[in-house]
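Asker: could you work out the structure for the sequence below:
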Amino acid sequence: MDKKQKEALVIAMLEKGESYRDIAQKAKVSPNTIKTISNRVGLDEFTSISSRAFELYVQQKTPVDVAIALNLKAEEAIRYHQEYFMLLGCTEFTKVYLQ
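Answerer: Residues are numbered from 1 along each chain as shown. The predicted structure is shown next:
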């Protein structure tokens, strides 16, 4: 596994909420490497599930993708999706208002 593949694996495991210990064992990287990657992409062990869900929605993931990636119930993924669109609406409203 090359460096980019390891990094992708670390990011995927962080998004699922796996512990640093599990990630280090599975990806064969040090906890410091995990922390560096998580800081660079804005994900760390303290990032809330809603923030992770919103980030996935920004990447145009579906509620099904988010539910699977974050191990959420369907209702939770749908609620985060609705909140995400409400936030987008607020952002669009703000842009229009400022113009």
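
Asker: all strands for the chain, in order.
Answerer: Counting by DSSP state E, the chain forms no strands at all.

Asker: tell me the domain boundaries of it?
Answerer: 1-47, 48-99 (automatic domain parsing).

Asker: can I get these in CSV including mean pLDDT?
Answerer: Rendered in CSV, the data for those read as follows (pLDDT from 0 to 100):
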stretch, mean pLDDT
domain 1-47, 84
domain 48-99, 82
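
Asker: could you export those as a markdown table, including mean neighbour count?
Answerer: Every C-beta, even on glycine, is put in place using the N, C-alpha and C of the backbone. Shown next, in a markdown table, are the domains of the chain (neighbours: other CB atoms under 10 Å):
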| stretch | mean neighbour count |
| --- | --- |
| domain 1-47 | 15 |
| domain 48-99 | 14 |
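
Asker: isn't Val29 up against Arg21?
Answerer: No: shown here, Val29 and Arg21 do not form a contact pair, counting by CB atoms under 8 Å, at 11.6 Å.

Asker: can you give me the helices in this structure?
Answerer: 3-15, 20-27, 31-41, 49-58, 63-70, 74-98 (DSSP state H).

Asker: now the first one against helix 20-27, angle please.
Answerer: With axes from the mean of the first three to the mean of the last three CA atoms, to 10 degrees as the basis, helix 3-15 and helix 20-27 are set at 150 degrees to each other.

Asker: same check, this time on the fifth one
Answerer: Angle between the axes of helix 63-70 and helix 20-27 is 100 degrees (criterion: the same axes, to 10 degrees).
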